[in-house]
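J.: from the sequence below, what's the structure:
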Amino acid sequence: MLAVFSLFLMLMGSACVTVALSKQILFMLKPAAFCFSLAGVALLASLLVFHRSVAALLASDSSVPLQHRLSWSAGCLGCAGAALLAGGFLFLLLALPRDAWRPRCAGGRRGGAAAAAGVQGVALHR
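T.: Predicted coordinates:
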C-alpha cells in the first residue's frame, strides 16, 4: 500500500513539475518538492516493512535453516527512495525566492538598524 501511495505521489509531483515548466508557474515547484520528498520517504518505509516481514517469516519457522539477503531489486528501491528525497530537496531549492540566493550586502545595501530606519550616512558621536 505504501508503494502505491508513493507511486501516486510521484505522479502528482510530475504533474506539478509539468505545470510549473509549461505555464511558467514557479510556485508549483513547492508542491512538487513535497510530493517527491514524501514519495521517497514512503518508498524507504515500504522497503523497511518488506525487510522486517521477510525477517519475521524466516524467524517463524526454525526447522528450515535459511539465510536471506536483500536482492538487487530491494537495493534499487532504496536508491530510488534516496533519489526521490534528493530530487524533492533540489526542487525545494529551486522554489526558493531569488532574493535568498543573493547576499544581503550586495548591491550597495547597508545592513543593521540604520538601514532599517532609513538613516544613511549619519555618523553618531558620543
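
J.: so for stretch 85-100, what gets flagged as buried?
T.: 85, 87, 88, 91, 92, 95 (16 or more other C-beta atoms under 10 Å). For the C-beta atoms, the positions are set from N, CA and C on the backbone; glycine is no exception.

J.: how about the CA coordinates for it, as CSV?
T.: C-alpha atoms of stretch 85-100 as CSV (Å, rounded to 0.1, in the frame of the first residue of the first chain):
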residue,chain,number,x,y,z
LEU,A,85,14.4,12.6,-1.5
ALA,A,86,17.3,14.3,-3.2
GLY,A,87,15.1,15.5,-6.0
GLY,A,88,12.5,16.9,-3.6
PHE,A,89,15.2,18.8,-1.8
LEU,A,90,16.5,20.2,-5.1
PHE,A,91,13.1,21.2,-6.3
LEU,A,92,12.6,23.0,-2.9
LEU,A,93,15.9,24.9,-3.5
LEU,A,94,14.6,25.9,-7.0
ALA,A,95,11.4,27.1,-5.5
LEU,A,96,13.1,29.5,-3.1
PRO,A,97,12.8,33.2,-4.0
ARG,A,98,15.6,34.7,-5.9
ASP,A,99,16.5,37.0,-3.1
ALA,A,100,17.6,34.1,-1.0
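
J.: what's near enough to touch residue 41?
T.: By C-beta atoms under 8 Å, 6 or more residues apart in numbering, the residues touching residue 41 are 81, 85.

J.: repeat that for 10 Å
T.: 2, 6, 9, 81, 84, 85, 88 (C-beta atoms under 10 Å, 6 or more residues apart in numbering).

J.: what does residue 47 give?
T.: Contacts of residue 47 by C-beta under 10 Å, 6+ apart are 2, 3, 70, 74, 75, 76, 77, 78, 80, 81.
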